[in-house]
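A.B. asks: Build me a model from this:
(chains A and B)
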Amino acid sequence: MEERRYRSASGAPIALRRRQHSASCRELAVRGPRLQLRSLSALTSAVWLAAYGLFVLSQNSMVLSAAIFITLIGLIIYLHFVKIDQESLLVIGSLGIQVTSSYASGKESTTFIEMGQVKDVVINEAIHMQKVIYYLCILLQDPGDPQGVSEVVPLFQSSKPRLDCLIEVYKSCQEILEQRKTAPQSS
Amino acid sequence: MVLKVFFPSCCSSAESGILIGRWISEQNSAVILAVVHFPFIPVQVKQYLSEVQRVTKVSVSVLGSWSHSKQEKEESLSEFLEDLGTIFSHEPWIQISKEGGSKFWSCSTLQKHSNNPKEEEIILVYYDQRKVMLSHLHPPLDTGTSTDHKADDASKLSAIFDTVAKSKILFMTDRYDDGPIKLTHWQSDGVEASIIVELMKQASVPACMLLTFLLSLISGICRSRVLKFWPLSFLWSKLSTCEQLGHRLQHLQVLSSNKKAETQTQLMRKANIFVSLLIDVALGILLMSWLYRKNRIGHLADTLIPMADHVAEELQDLLQWLMGAPAGLKMNRALDQVLGRFFLYHIHLWISYIHLMSPFIEMILWYVGLSACLGLTVALCILSDIIALLTFHIYCFYVYGARLYCLKIYGLSSLWRLFRGKKWNVLRQRVDSCSYDLDQLFIGTLLFTILLFLLPTTALYYLVFTLLRLLVVVVQGLIHLLVDLIDSLPLYSIILRLCRSYRLAAGVKFRVLEQQDGKPLRLLMQINPLSYGSVVQTYRLPTYSCYPKDSWTSLCKKLFLGELIYPWKHKGEKQD
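C.D. replies: Take a look at the predicted model:
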């Protein structure tokens, strides 16, 4: 198991962790920056100061309870649905590829793609806002057309690593995907 | 190629024996269903397996051997197990052994007829047998339509789920049976059953028969000739309450049919309909108990007449305003007065009609409120119908205004063509040039001028009444949206997803367990449940109403030309 530091497309520090469980099973996890206590306290204090100011103006105590309620609900929604801590890729040769996103509240959302559906794993370019960024994606096989691609599944969408990190992940994946081409077909 | 062995986690603590299951050669994977313990007679095992194969249509066979020893590996046992491989010939013969309390098992294969001497890698995947058996794998929504490829290799996991699900009969023998074969699987400690479920199954047969009889009576009455006379049939088709009652009757017919549901979708649909009906009736009875307490129905009836009066008075004020100088616009006095008096007389008729009905309103409302026990949806439909009846005069005014405006627009466009020397050719459906006589042109121009200068007045009346009508339509539309929501929400599926999430599977997820060098890769296969959005989308109940097919542009065009708009069409009506 090894861990190396890289940067994301927007400059934030991210870490790539590689684990080799067996000859045909590898796990690659990209961890983004955690939620900072500093920014959380700053935001909460700003909201509560504004609410207190409104309370002084309007003398209605509902403003204060509403501000507390909104802060709590907003924080829960942010932690459970928005903030992704870690995105990992588990490649098991001859079974499939599993993509997991772990949220800050502990929720994990997983998708498993069978090896028969995977055509290839490639690095693609995309125009995102005012930048051109690289992203890693899985190409899914079209069942009707052997040359066609039915769907493109982009990976590491929230951490957006830069090209150097993507090349490492790409090399690891390709080593395992090669095995399925060199392995003899079952009778 | 890599060999994948799917091992049920309930057999981890089983005694030594042989493994039975299904070998899927295309995927090079073995799905182990149970462990047969010593002592056994090989002939009886083969007989039992062929029986099971005949009943379940799953090719169950002996796949290998399982040895669970408390101490270190025993040499004699391992030779005995290899010899078993010659009795039950299976290629490859899988040998799994667990020593002591160690988590890491050793797994090897014996290949007699193999070409490559290289040791192939083995992946051991643990799965929860009960959950995989009960779960239903849903294909992704976009590929669900192409069925021709599904059979071959679209989802290799569905083969595994199918194998376990179809082998239900294998799991019916437990350790207390006195047969010659002793198995270990998830139910081997005792077959599970629920008394409540069994009682309900017994009670459902006579209940279904009774319900079918009642429904046939009711549908016979509905179809009788008495109700098909013109005024009544027109009334039934216009009232949304009758549509909703017919829809619910259809649901009850689906529920009470004697045929058992074959596929999973049919079973879920029946369950959804049942739960939806139950919740609907429960909410309806709750509403009824709230309405009839403290004589709220009486209060409602008392406020209904003054409210209708108030609406009529507001309309009269509006018309007086239009007859004056509305928003500073100068209207044509004569036409204004005619239209205003015409509509005022209508309102006068309407108020007298309401006052005629007022002594009976409370009684009618009391009896109509009783029908809320048929469901909350029926109560909402009754509310929507009451709103439609109370605002009938607005509907009439809208129709008058629209027809007048429409006539005017058509007249204007035809006379405008005359101005330019053109004519509409009905045969060819196009505009042709035409030479008019002088007197035709003269009268045409005169009429054109008159219509043009009377346009603002008519247009204003049309605008005001169209806005009022649209307001009523929006309110009715919201009520119908709520009724549709209650009708089509698959509550049973949502509750199932909440409580027994493994029953609705979107896929699987693998977790890598602790590894040890030299031992096979250990993975845990868990079920990935369907998301709530896909649950609602897959199991939505169909409803009878279709939303307006007109896009916004065609709606605006119709409004501009003065054509009448019918926003809600039902599926049974003819399309024009």
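A.B. asks: Report the secondary structure state of B:Asn528.
C.D. replies: strand (DSSP: H, G, I helix; E, B strand; the rest coil).
A.B. asks: Check the burial of it by counting its neighbours.
C.D. replies: 19 (other CB atoms under 10 Å in any protein chain shown). Where C-beta positions appear, they are placed from N, C-alpha and C, glycine not excepted.
A.B. asks: shouldn't B:Leu84 be in contact with B:Trp66?
C.D. replies: No: B:Leu84 is beyond contact range of B:Trp66, at 10.8 Å (criterion: CB atoms under 8 Å).
A.B. asks: and for these two, which residues touch both?
C.D. replies: B:Ile18 (CB atoms under 8 Å, 6 or more residues apart in numbering or on different chains).
A.B. asks: Between the two, tell me which one has more neighbours.
C.D. replies: Neighbour totals were compared for B:Leu84 and B:Trp66, and B:Trp66 leads with 25 against 18 (other CB under 10 Å).
A.B. asks: the strands in chain A, which residues?
C.D. replies: Assigned by DSSP state E, the strands in chain A fall at A:2-7, A:13-22, A:25-31, A:84-92, A:96-103, A:108-114, A:118-128, A:131-141, A:149-154.
A.B. asks: Mean pLDDT and mean neighbour count added to those strands, as CSV?
C.D. replies: Below are the strands of chain A laid out as CSV (pLDDT from 0 to 100; neighbours: other CB atoms under 10 Å in any protein chain shown):
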stretch, mean pLDDT, mean neighbour count
strand A:2-7, 91, 12
strand A:13-22, 91, 17
strand A:25-31, 93, 20
strand A:84-92, 93, 21
strand A:96-103, 94, 20
strand A:108-114, 92, 16
strand A:118-128, 91, 14
strand A:131-141, 92, 17
strand A:149-154, 92, 14
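A.B. asks: buried sites along the strand or helix carrying B:Gly533?
C.D. replies: Assigned by DSSP states H and E, B:Gly533 belongs to helix B:532-539. Buried residues in helix B:532-539, counting neighbours by 16 or more other CB atoms under 10 Å in any protein chain shown, are found at B:534-536, B:538-539.
A.B. asks: before we move on, back to that, a markdown table please, covering the strands of chain A and showing distance to B:Lys4.
C.D. replies: A markdown table is the format used below for the strands of chain A (distance: least, CB to CB, whole Å):
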| stretch | distance to B:Lys4 |
| --- | --- |
| strand A:2-7 | 28 |
| strand A:13-22 | 13 |
| strand A:25-31 | 12 |
| strand A:84-92 | 9 |
| strand A:96-103 | 11 |
| strand A:108-114 | 12 |
| strand A:118-128 | 16 |
| strand A:131-141 | 20 |
| strand A:149-154 | 23 |
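A.B. asks: Distance check, the closest residue to B:Trp366 other than its chain neighbours against B:Thr303.
C.D. replies: Leaving aside its chain neighbours, B:Trp366 sits nearest to B:Ile297 (5.5 Å; criterion: CB to CB, 6 or more residues apart in numbering or on different chains). Separation of B:Ile297 from B:Thr303 (CB to CB, to the nearest Å) stands at 11 Å.
A.B. asks: And these two? Which one has more around it.
C.D. replies: The neighbour count for B:Ile297 versus B:Thr303, taken as other CB under 10 Å, is higher for B:Ile297 (19 against 11).
A.B. asks: you'd agree the more buried one is up against B:Leu291?
C.D. replies: Yes: with contact defined as CB under 8 Å, B:Ile297 reaches B:Leu291; the gap is 5.5 Å.
A.B. asks: Give me the common contacts of these two.
C.D. replies: Shared contacts of B:Ile297 and B:Leu291 (CB under 8 Å, 6+ apart): B:Gly369.
A.B. asks: Show me what residue 122 is bridged to.
C.D. replies: I went with chain A, as the question did not name one. A:Val122 has these beta-bridge partners by DSSP bridges: A:Cys137.
A.B. asks: I was after chain B.
C.D. replies: B:Leu3.
A.B. asks: so does the helix holding B:Gly533 get close to chain A?
C.D. replies: No: judged by CB under 8 Å from any CB of the partner chain, helix B:532-539 makes no contact with chain A; its nearest approach is 12.6 Å.
A.B. asks: Restricting to C-alpha, output that helix in CSV.
C.D. replies: The C-alpha trace of helix B:532-539 is given here as CSV (Å, rounded to 0.1, in the frame of the first residue of the first chain):
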residue,chain,number,x,y,z
TYR,B,532,-35.8,5.6,-4.3
GLY,B,533,-36.1,7.5,-7.6
SER,B,534,-35.7,4.3,-9.6
VAL,B,535,-38.1,2.5,-7.3
VAL,B,536,-40.8,5.1,-7.9
GLN,B,537,-40.1,5.1,-11.7
THR,B,538,-40.1,1.3,-12.1
TYR,B,539,-43.2,0.6,-10.0
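A.B. asks: So what's the gap between the top helix by length along chain B and the chain middle?
C.D. replies: If you go by DSSP state H, chain B has its longest helix at helix B:438-488. Between the centre of helix B:438-488 and the centre of its chain there are 37 Å (CA atoms, centre = their mean, to the nearest Å).
A.B. asks: residues of the helix or strand hosting B:Ser358 that come out buried?
C.D. replies: Assigning secondary structure by DSSP H and E places B:Ser358 in helix B:333-370. The neighbour-count check on helix B:333-370 (16+ other CB under 10 Å) flags B:336, B:339-340, B:343, B:346-347, B:350-351, B:354, B:358, B:361-362, B:365-366, B:369 as buried.
A.B. asks: Give me the domain ranges for the chain.
C.D. replies: If you meant another chain, say so; for now it's chain A. Following the TED database, chain A resolves into domains at A:2-32+A:87-100+A:112-182, A:37-81.
A.B. asks: think we crossed wires, I meant chain B
C.D. replies: Domain assignment for chain B by the TED database gives B:3-184, B:192-288, B:295-352.
A.B. asks: Now render those as TSV, adding mean pLDDT.
C.D. replies: What follows is those, written out as TSV (pLDDT from 0 to 100):
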stretch	mean pLDDT
domain B:3-184	80
domain B:192-288	85
domain B:295-352	85
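A.B. asks: can you tell me which of those domains comes nearest to A:Ile73?
C.D. replies: Ranking those by proximity to A:Ile73 (CB to CB) places domain B:192-288 first, at 27.7 Å.
A.B. asks: First-to-last residue distance for the closest one?
C.D. replies: By CA to CA, to the nearest Å, the extent of domain B:192-288 from end to end equals 42 Å.
A.B. asks: for it, the distance to its chain's centre please.
C.D. replies: 16 Å.
A.B. asks: Repeat that for stretch B:333-352.
C.D. replies: Taking the mean of its C-alpha atoms, stretch B:333-352 sits 48 Å from the chain's own mean (CA atoms, centre = their mean).
A.B. asks: Now residue 7. Nearest residue, chain neighbours left out?
C.D. replies: Unless you meant another one, I'm taking chain A. Counting by CB to CB, 6+ apart, the residue nearest A:Arg7 is A:Arg162, at 5.7 Å.
A.B. asks: Please refer instead to chain B.
C.D. replies: Spatially, and ignoring its direct neighbours in sequence, B:Phe7 is nearest to B:Ile32 (5.2 Å; CB to CB, 6+ apart).
A.B. asks: helix or strand for the one you found, which one?
C.D. replies: strand B:29-37.
A.B. asks: If you compare the directions of whichever helix or strand comes after that strand and strand B:29-37, what angle comes out?
C.D. replies: Once the chain leaves strand B:29-37, the next helix or strand it forms, by DSSP H and E, is helix B:42-56. Put simply, helix B:42-56 runs at 130 degrees to strand B:29-37, going by axes from the mean of the first three to the mean of the last three CA atoms, to 10 degrees.
A.B. asks: Okay, buried residues for helix B:42-56 please.
C.D. replies: B:45, B:48-49, B:52, B:56.
A.B. asks: export those residues to TSV and tack on distance to chain A?
C.D. replies: Listed next are these as TSV, based on distance: CB to the nearest CB, whole Å:
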residue	distance to chain A
B:Val45	26
B:Tyr48	28
B:Leu49	23
B:Val52	25
B:Thr56	25
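A.B. asks: I'm done for today, thanks for sticking with me.
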